[in-house]
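Undergrad: Give me the fold of what follows.
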Amino acid sequence: MSINHTFSTLCIIRSSRSKNDKAPVYLRITVDGKRSEISTKEYVELDKWNRDKGRMKGSAEHTRSLNRRLDTWETKAKDYHNEFLRDGKRVSAQAIKNLVLGIAEKNDDLMSFFEMHEQEVKTKIGIDYSPGTHKNYVATSKHLKNFLAKRIGHIPQGFGL
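TA: Next comes the predicted model:
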């Protein structure tokens, strides 16, 4: 199955989220113009970032080490992209992101996805999310579980109230 599409990866920084002149680095995955981004959990000094290369400037050991870690992120995304092509599967930026993050395809059902996202928000309280945002996700999750219990007569396994 040969389908032509575009694919690219690039490491970018979010200067709008910078603190103490350091900005977080994200891996941007683009498939057919649709983007998905992953936080690499790395931070770089704004003046040491090469925007065109998507890497940190310099040759110090710390710089080389960080750039190798960014290479690893990009390599994972490219490997999964190639796997999709080899297997004849539909490629999307979100699907590649999920695999890079270790989110298995079997977790595509609504409750699994919602619970996984709620846990991600919980781990990022104080970084990307406020405690109130997490509280809202917990409340929404409870409402969703109640809805499913009433609508389909049971709550999916592993999602007790």
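Undergrad: Return the distance of residue 101 relative to residue 36.
TA: 10 Å (C-beta to C-beta, to the nearest Å). To be clear about C-beta, it is placed using only N, CA and C from the backbone, and glycine gets the same treatment.
Undergrad: again with residue 28
TA: 8 Å.
Undergrad: other SSEs contacting the lengthiest strand in the chain?
TA: In the chain, with assignment by DSSP state E, the single longest strand is strand 34-45. Using 3 or more C-beta pairs under 8 Å, 6 or more residues apart in numbering; DSSP states H and E, the elements in contact with strand 34-45 are strand 7-13, strand 22-31, helix 61-87, helix 93-100.
Undergrad: which helices and strands sit right next to the second one?
TA: In this structure, strand 22-31 packs against strand 7-13, strand 34-45, helix 61-87, helix 93-100, with contacts taken as 3+ C-beta pairs under 8 Å, 6+ apart.
Undergrad: Tabulate those (a markdown table), appending distance to residue 149, mean neighbour count and mean pLDDT.
TA: Shown next, in a markdown table, are the helices and strands packed on strand 22-31 (distance: least, C-beta to C-beta, whole Å; neighbours: other C-beta atoms under 10 Å; pLDDT from 0 to 100):
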| stretch | distance to residue 149 | mean neighbour count | mean pLDDT |
| --- | --- | --- | --- |
| strand 7-13 | 41 | 19 | 94 |
| strand 34-45 | 32 | 16 | 93 |
| helix 61-87 | 36 | 15 | 93 |
| helix 93-100 | 27 | 20 | 90 |
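Undergrad: Would you convert these into CSV that also reports distance to residue 23?
TA: Formatted as CSV, these follow (distance: least, C-beta to C-beta, whole Å):
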stretch, distance to residue 23
strand 7-13, 4
strand 34-45, 6
helix 61-87, 13
helix 93-100, 20
